[in-house]
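Chemist: Here is a sequence together with a model predicted from it:
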Amino acid sequence: MIQTSFAEPSKQWSEVACVHVKNRRHLQEEDEEQQQEYGTAQINIDFDKVAFPDRPPILGFGGAFTEAAALNFNSLSQQGQDAVIELLFGKSGLGYTLGRTHINSCDFSVESYSHDDTDNDFTLDDFDTEVTHDLESGMVDMMLLAQKSVDESFPKEVDEYGMRIIASPWSPPSWMKAPTSDDVEGALHAELMTGSALPVCLRDGVGEDSKYAASWALFFDKFITAYANHGVKFYGLTVQNEPEFPAPWDACAYDVSHEGDFIANHLGPQLEKSHPDVKLLFFDHNKDHMVKWANELLAKDHPASKYIDGTAVHWYAGGMDRLLDGAQGNPNMHRMVSELDVMDVRKDHVLLGSEACHCPTTGYAGGDLSIAWARAMRNVHTILADLAAGSNGFIEWNLILDSIGGPNHLGNLCDSPVLAVPHRALDAEKDFPAQLGFEHAGHPFGEVHGDNKTREELNAEGSPAKYLDVGVVVQPMYYYVGHITRFIRPGSRAVHGLVGASAGDPEVRTFRPKGQRVAGGGINDLARNGIEVTLWPCEGSTRQEWLLNEQKQLQVFGHDWLGAPTTSCLAQKPDKDFDGLLLTTCNIAENKSGLFEVVPVEGKQSKVHIASSNNKKSCLVVQPLRNNGGAYGPRGGAQVNVGSCDHPWAEWGFDSSTGEITSSAFDALGEVCLTTGWPFLQVGAFDTSATTAANGAVIVTNEAGEHANYVIKNRDQTVLAASIPPKSIQTITFN
């Protein structure tokens, strides 16, 4: 067992000693009195129950080789560069094997650029076959160093997996783009690569006769060839980064119909002719509309479907609330995998998380370790939840950025697992600038608090001094993600695993001891408008504590990552994109929250209907996950909706003294509680026998502000009894 804990942030990946007692294992530090006072969560694993045996295995994890990443990498000394490559791709580091890069510029470029700026050069005679900009920025060399590190660190994986990089376009050259509302009236094409016309960015659309669409498809072809000539062979492409968003940075919009036509008429045939081994992934946007796009473009009678090898998806919520990023859409992941089966899509279809990051700015710049830690916990939650739903991998956004999260030529500053701070290196000259020439953002979020901390202070907070001495900050999210990437190697598979309720006394919960009515676990940071309301085994935490207030709303309370108080109420209608109830504003005047009455079920003691005050025949009902809940099973995140009060899944238990709302819809498996988002205590279980010396690995993560006791059972046999500290993660390997 290895552990990373907020209580001891400088002891990352530390081994926790175990001793063997009779027929089980337990931590030496285990407190027997606390074991009796608090409940012990039952973590049920079945290493023989692979969740998706007919789908591709996990392909790996990684990050993006952007221009910003390359510039920051090259700002370091040779020692610093060597350290970063080992940190990200080496055997002692994260062991990344997936990557992503951009075709032409993206927002994390210093400025917009294209590899062919000659107007109406439809045959791309002037295409820069050397991709000189990407060579000079260091992007190509960084990819080659990553490939070399992976090959040397994981020689047994090279033949089947190795380093796999996908390429994604943000924008065609401006001469291919239709003018936008920002261009002068009568303009023949867009002046800039930023922004996009709707519903499609290309000048003459994507029909069979479109010269610009044909030329843009050829552009992909030439880009693949150019990189291959430098030694970088792409595993795959995505059609377009975030096609539904005409972003203020480099962008090209498509609706589902136009992306399908572009694939069918141009890109698909071009790749089939010139690069048949390069996989084509569609969508490459957020989880809200993924299933809608799949239902249209993956249908067997759609001419694009035969060219599509996979789906790329981002983790963003898509709105202005960045604290929802990574927190929405997991039920849609289950729907997506289920639809692949229903639509009889090829079994080798890949579902890949292709972009994720926290914004704005960096944990180092903000200086608050608790926020940096919260970001790390969110990363791990999303990765584990996606893998449990059937994802084949996860790609972080930028591999490395500067202290404020740039450069980004639109000022869209974000975080990354490691940061380049060459001015903090021991060999840095006294007047070495804190921001280099490629960074033009200044300090839009105030001073960089990390720069005001000493080497020793940062080391104590978990940014090791040995890396700071060569100009590199290693952040908490790095070590958290490493609990997954170092052990769940390519070829691993998700197996059944779920944190169940405490066994024995029904009054005892994992976070609520016997005799206590107040929910435990600490502050609920998911009491937030937009969070999905789900069902999980009961843990007695504030994430499962509800108040039926005087206005007849079901209300939750908490604080956000910045410490600001939050409160939200259960919505009256399901969300149109996620098809389940979310948390929403409690402001009655906005008429978004539901008004409910608790009505006893006739002839069933302690059972109630939670009925709409406006329609007594409409009640809260359990809505099972598609895909049977994947690796979690049906109790791992089922949704809640409104439906007929006559349905047996409309029966609930409501204990107003504890705030728990319970359901026995999955009676044979155990009770579940109404939950804001997900529980504090989570697990991911994996069969790693095909890839490592260990047969299996289990990741346990505790987002609570309190410790949690647990027992791991494999097919009802207890194999480990342990405790996990607050805000901690543990990885246990089994053989």
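Modeler: Right, received. Where do you want to start?
Chemist: Next, Pro269: secondary structure please.
Modeler: Pro269 carries the three-state label helix when classified by DSSP: H, G, I helix; E, B strand; the rest coil.
Chemist: What degree of burial does the residue nearest to Gly162 when sequence neighbours are not counted show, as a neighbour count?
Modeler: Distances taken as Cβ to Cβ, 6 or more residues apart in numbering place Val150 nearest to Gly162, at 6.1 Å, with adjacent residues excluded. Every residue, glycine included, has its C-beta placed from N, CA and C. By the criterion of other Cβ atoms under 10 Å, Val150 has 27 neighbours.
Chemist: and if you look at the one 5 residues further on?
Modeler: In terms of burial, Pro155 registers 10 neighbours under the definition other Cβ under 10 Å.
Chemist: Tell me the pLDDT of it.
Modeler: As predicted, Pro155 sits at a pLDDT of 92.
Chemist: Given the strand or helix carrying Val473, what are its sheet partners and their directions?
Modeler: Val473 is part of strand 472-474, with elements assigned from DSSP states H and E. For strand 472-474, the paired strands and their directions (DSSP bridges) read strand 418-420 (antiparallel).
Chemist: in the partner strand, what counts as buried?
Modeler: Within strand 418-420, the residues scored as buried using 16 or more other Cβ atoms under 10 Å are 418-420.
Chemist: State the next helix or strand along the chain beyond that strand.
Modeler: The first helix or strand that comes after strand 418-420 along the chain, using DSSP H and E, is helix 455-460.
Chemist: So the residue nearest to Gly162 lies in a strand, does it not?
Modeler: No - counting by three-state DSSP, Val150 is not part of a strand but helix.
Chemist: what's the spacing between it and Gly62?
Modeler: Using Cβ to Cβ, to the nearest Å, one obtains 10 Å as the distance from Val150 to Gly62.
Chemist: again, but for Ala389
Modeler: Distance, Ala389 to Gly62, by Cβ to Cβ: 19 Å.
Chemist: More neighbours: these two, which one.
Modeler: Ala389 (31 against 28).
Chemist: Run through the residues that contact the residue lying closest to the more buried one once chain neighbours are set aside.
Modeler: Closest residue to Ala389 apart from its sequence neighbours, by Cβ to Cβ, 6+ apart: Met333 at 3.6 Å. For Met333, the residues meeting the contact criterion (Cβ atoms under 8 Å, 6 or more residues apart in numbering) are 287, 290, 313, 351, 385-386, 389-391.
Chemist: Farthest pair within the residues you listed?
Modeler: Every pair in those was compared (Cβ to Cβ); the two farthest apart turn out to be Met290 and Ala385, at 14.6 Å.
Chemist: which stretches of the stretch 251-400 of the chain have low pLDDT?
Modeler: Within the stretch 251-400 of the chain, no stretch has pLDDT under 70.
Chemist: Break down it into its strands, ranges please.
Modeler: Remark: strands assigned in the stretch 251-400 of the chain by DSSP state E, counting those that start in this stretch are 279-286, 310-314, 350-355, 393-398, 400-402.
Chemist: Return the most buried member of those strands.
Modeler: Between the strands of the stretch 251-400 of the chain, strand 400-402 has the highest mean count of neighbours, a mean of 29, where neighbours are mean count of other Cβ atoms under 10 Å.
Chemist: List the contacts of it.
Modeler: Strand 400-402 is contacted by residues 68-69, 72-73, 75, 84, 88, 108, 362, 414-421, 435-436, 439 when judged by Cβ under 8 Å, 6+ apart.
Chemist: tell me the angle the helix or strand harbouring His102 makes with strand 279-286.
Modeler: Using DSSP H and E, the element containing His102 is strand 98-103. Strand 98-103 and strand 279-286 meet at an angle of 80 degrees, taking axes from the mean of the first three to the mean of the last three Cα atoms, to 10 degrees as the criterion.
Chemist: Run through the neighbouring helices and strands of strand 98-103.
Modeler: Identification of packing neighbours for strand 98-103 by 3 or more Cβ pairs under 8 Å, 6 or more residues apart in numbering; DSSP states H and E yields strand 60-64, helix 139-153, strand 164-169, helix 211-229, strand 350-355, strand 393-398.
Chemist: Touching, Ala178 and Leu202? I think so.
Modeler: Yes - at 6.6 Å, Ala178 and Leu202 qualify as touching, with contact defined as Cβ atoms under 8 Å.
Chemist: which one of the two has more residues nearby?
Modeler: The residue with more neighbours, out of Ala178 and Leu202 and counting by other Cβ under 10 Å, is Leu202; that gives 27 against 21.
Chemist: who's that one bridged to?
Modeler: Bridge pairing for Leu202 (DSSP bridges) gives the partners Lys177.
Chemist: give me the low-pLDDT residue ranges for this structure?
Modeler: Within the chain, the stretches with pLDDT under 70 are 17-37.
Chemist: now the farthest one out in it, which residue is it?
Modeler: Largest separation from the mean C-alpha position in the chain: Gly603, at 45.3 Å (Cα atoms, centre = their mean).
Chemist: And Gln730, which helix or strand is it part of?
Modeler: Under the assignment given by DSSP H and E, the secondary-structure element containing Gln730 is strand 728-734.
Chemist: ok, and what's touching that strand?
Modeler: Applying Cβ under 8 Å, 6+ apart, the set of residues contacting strand 728-734 from outside is 1-7, 16, 47, 377, 380, 480, 483-484, 486-487, 688, 692, 694-702, 712, 714, 719-720, 722, 724.
Chemist: cool, stretch 126-135 as well?
Modeler: When contacts are taken as Cβ under 8 Å, 6+ apart, the neighbours of stretch 126-135 outside the stretch itself are 67, 113, 115-118, 121, 140-141, 219, 222-223, 225-227, 229-230.
Chemist: Show the buried residues in the residues you listed.
Modeler: Using 16+ other Cβ under 10 Å as the burial test, the contacts of stretch 126-135 include 67, 113, 115-116, 140-141, 219, 222-223, 226-227 as buried.
Chemist: now those residues as CSV including distance to Tyr254?
Modeler: Rendered in CSV, the data for the buried ones among the contacts of stretch 126-135 read as follows (distance: Cβ to Cβ, whole Å):
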residue, distance to Tyr254
Glu67, 24
Tyr113, 22
His115, 21
Asp116, 21
Val140, 28
Asp141, 32
Phe219, 16
Lys222, 21
Phe223, 19
Ala226, 24
Tyr227, 24
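Chemist: quick one, helices of the stretch 51-200 of the chain?
Modeler: Taking DSSP state H, counting those that start in this stretch as the test, the helices found in the stretch 51-200 of the chain are 67-74, 78-89, 132-137, 139-153, 155-158.
Chemist: which stretch among the ones you listed comes nearest Thr97?
Modeler: Once Cβ to Cβ is applied to the helices of the stretch 51-200 of the chain, the stretch that comes out nearest is helix 139-153, at 5.7 Å.
Chemist: name the helices or strands packed onto the closest one?
Modeler: With contacts taken as 3+ Cβ pairs under 8 Å, 6+ apart, helix 139-153 sits against helix 67-74, helix 78-89, strand 98-103, helix 155-158.
Chemist: To Thr566, which of those lies closest?
Modeler: Ranking the helices and strands packed on helix 139-153 by their distance to Thr566 (criterion: Cβ to Cβ) puts helix 67-74 first, at 32.5 Å.
Chemist: how much does the closest one deviate in direction from strand 393-398?
Modeler: Orientation note: helix 67-74 sits at an angle of 70 degrees relative to strand 393-398 (the same axes, to 10 degrees).
Chemist: mind listing what's buried in whichever helix in the chain runs longest?
Modeler: The residue-count maximum for a helix in the chain (DSSP state H) belongs to helix 369-389. Within helix 369-389, the residues that qualify as buried are 369, 371-389, counting by 16+ other Cβ under 10 Å.
Chemist: cool, stretch 646-656 as well?
Modeler: The neighbour-count check on stretch 646-656 (16+ other Cβ under 10 Å) flags 649-652, 654 as buried.
Chemist: Which residues does that stretch contact?
Modeler: Contacts with stretch 646-656, where a contact means Cβ under 8 Å, 6+ apart, come from 548, 598, 601, 604, 606-610, 619-622, 643-644, 660-665, 671.
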